[in-house]
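S.K.: Need coordinates for the below:
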Amino acid sequence: MRKFGFKVFSSNLQTIPTLFEECGQFARTKPDVFLELMTVPTSTMEDFKTIKQYLKDVEVRIHAPHSAMGFDAGNKELEKQNQKFLAVAQKAADLFQAPTIVVHAGCGHGSSYLEETVRQFKGFKDERIVVENLPDHNSHQLPLHGNTPEEISYIMHETGCGFCFDFSHAVCAALHLKIDPETQLKGFYALNPTVYHLCDGDITTPKDLHKHFGTGNYPLGHFLNDLTDPDAYITMETGTKPSPHNDPLIRDYEYLKSILKA
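M.R.: Numbers count the residues shown, from 1 in each chain. Reported below is the predicted structural model:
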């Protein structure tokens with residue numbers, strides 16, 4: 001059974017706590033729904049304990065902070081900060097008994113940045129880490145690595161981590177690098193992903209748009225039915241602004257269920 005993840009941020013606790021309450025209530029009624037919790041570095045253990053009360057009896061997986069929050073495994077100068085930020089995610093994973101922690105590959109193009117990410121991942125010494133493939137540049141136009149199957153495969157081989165397959169990142173990177181998107185997607189799928197990230201978007205542009213399902217032109221039926229495993233964990237990374245209620249997430253969940261082949 002494929003499971004579909006609602007993406008929430010730990011910082012939502014202060015801004016829209018109703019989202020946790022509503023997501024928890026919905027997930028408890030659906031055996032194929034889980035939550036992926038993005039751990040913001042400023043969140044405390046008390047925050048996570050409060051969130052856990054909202055999400056009682058709900059399966060939770062963890063996403064570590066990324067470059068927009070100051071985490072960059074490709075930067076040696078940020079190693080101590082990276083360790084500190086990852087520790088927040090690790091403590092949350094301990095509390096929720098989460099089997100995976102999604103961690104982005106780092107910034108920078110070239111082998112030196114890739115090797116630094118490998119070195120820091122080895123130092124993290126956490127078997128729950130799954131590396132996420134990235135677009136060619138982030139939202140601040142910083143170059144990124146981990147945007148080809150070859151680079152992700154290398155990180156996995158050298159560190160023993162798992163893999164989080166982000167469809168939109170793969171398409172965006174392929175278009176930027178002038179690689180056939182289908183070849184890129186199949187190359188990533190061949191790496192046996194542990195987790196998947198899915199949103200809608202524009203198949204003609206290298207921008208990661210995080211559109212709600214049905215509002216873009218990604219071949220979502222193909223992505224979902226042909227390029228995810230029958231027991232896949234698929235986080236819905238839709239929408240650019242968090243909603244105070246879970247209605248948009250429920251609509252996205254129902255859309256994927258409607259196109260999922262029996």
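S.K.: C-alpha from now on. contacts and neighbour counts both.
M.R.: Fine.
S.K.: And for His169, nearest residue in space, chain neighbours not counted?
M.R.: Distance criterion Cα to Cα, 6 or more residues apart in numbering; nearest residue to His169, sequence neighbours excluded, is Pro135 at 4.5 Å.
S.K.: Name the SS class of that neighbour, please.
M.R.: Following DSSP: H, G, I helix; E, B strand; the rest coil, we place Pro135 in the coil state.
S.K.: Next up, the contacts around it.
M.R.: Applying Cα atoms under 8 Å, 6 or more residues apart in numbering to Pro135 gives the contacts 144-147, 168-173, 208.
S.K.: need these in JSON lines with distance to Leu13, can you?
M.R.: Formatted as JSON lines, those follow (distance: Cα to Cα, whole Å):
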{"residue": "Leu144", "distance to Leu13": "30"}
{"residue": "His145", "distance to Leu13": "32"}
{"residue": "Gly146", "distance to Leu13": "31"}
{"residue": "Asn147", "distance to Leu13": "32"}
{"residue": "Ser168", "distance to Leu13": "27"}
{"residue": "His169", "distance to Leu13": "27"}
{"residue": "Ala170", "distance to Leu13": "31"}
{"residue": "Val171", "distance to Leu13": "32"}
{"residue": "Cys172", "distance to Leu13": "31"}
{"residue": "Ala173", "distance to Leu13": "33"}
{"residue": "Asp208", "distance to Leu13": "26"}
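S.K.: out of those, who's nearest Thr159?
M.R.: Gly146 (13.7 Å; Cα to Cα).
S.K.: shouldn't that closest one be in contact with Asn133?
M.R.: Yes - if you go by Cα atoms under 8 Å, Gly146 and Asn133 touch, sitting 5.1 Å apart.
S.K.: Name the residues contacting each of those two.
M.R.: 105, 152.
S.K.: my read: Leu185 touches Phe167, true?
M.R.: Yes - using Cα under 8 Å, Leu185 is in contact with Phe167, at 7.2 Å.
S.K.: Which one's more surrounded, the two?
M.R.: The neighbour count for Leu185 versus Phe167, taken as other Cα atoms under 10 Å, is higher for Phe167 (29 against 22).
S.K.: Correct me if wrong: the more buried one contacts Leu198.
M.R.: Yes - at 5.7 Å, Phe167 counts as touching Leu198 under the criterion of Cα under 8 Å.
S.K.: Show the average pLDDT along the longest helix along the chain.
M.R.: Counting residues, the longest helix in the chain under DSSP state H turns out to be helix 79-96. For helix 79-96, the mean per-residue pLDDT is 98.
S.K.: List the buried residues in it.
M.R.: 79, 81-83, 85-86, 88-90, 92-93, 96 (16 or more other Cα atoms under 10 Å).
S.K.: For it, give me every contacting residue.
M.R.: Identification of contacts with helix 79-96 by Cα under 8 Å, 6+ apart yields 39, 41, 43-45, 48-49, 52, 59-65, 70-73, 99-101, 120, 124.
S.K.: Please narrow those residues to those residing in strands.
M.R.: 60-63, 101 (DSSP state E).
S.K.: so which of these comes closest to Asp247?
M.R.: When the ones in strands among the contacts of helix 79-96 are ranked by distance to Asp247 (Cα to Cα), Val60 comes first, at 19.3 Å.
S.K.: I'd like to know how many residues surround that closest one.
M.R.: Residue neighbour count, defined by other Cα under 10 Å, stands at 23 for Val60.
S.K.: so it touches Ala98, yeah?
M.R.: Yes - between Val60 and Ala98 there is a contact at 5.9 Å, judged by Cα under 8 Å.
S.K.: so what's the residue nearest to Pro149 when sequence neighbours are not counted up against?
M.R.: Once flanking residues are discounted, Pro149 sits nearest to Phe188: 5.2 Å by Cα to Cα, 6+ apart. Neighbouring residues of Phe188 by Cα under 8 Å, 6+ apart: 148-149, 165.
S.K.: worst-scoring helix or strand of the protein, pLDDT-wise?
M.R.: One helix or strand of the chain scores below all others by mean pLDDT, DSSP states H and E: helix 12-15, with a mean of 95.
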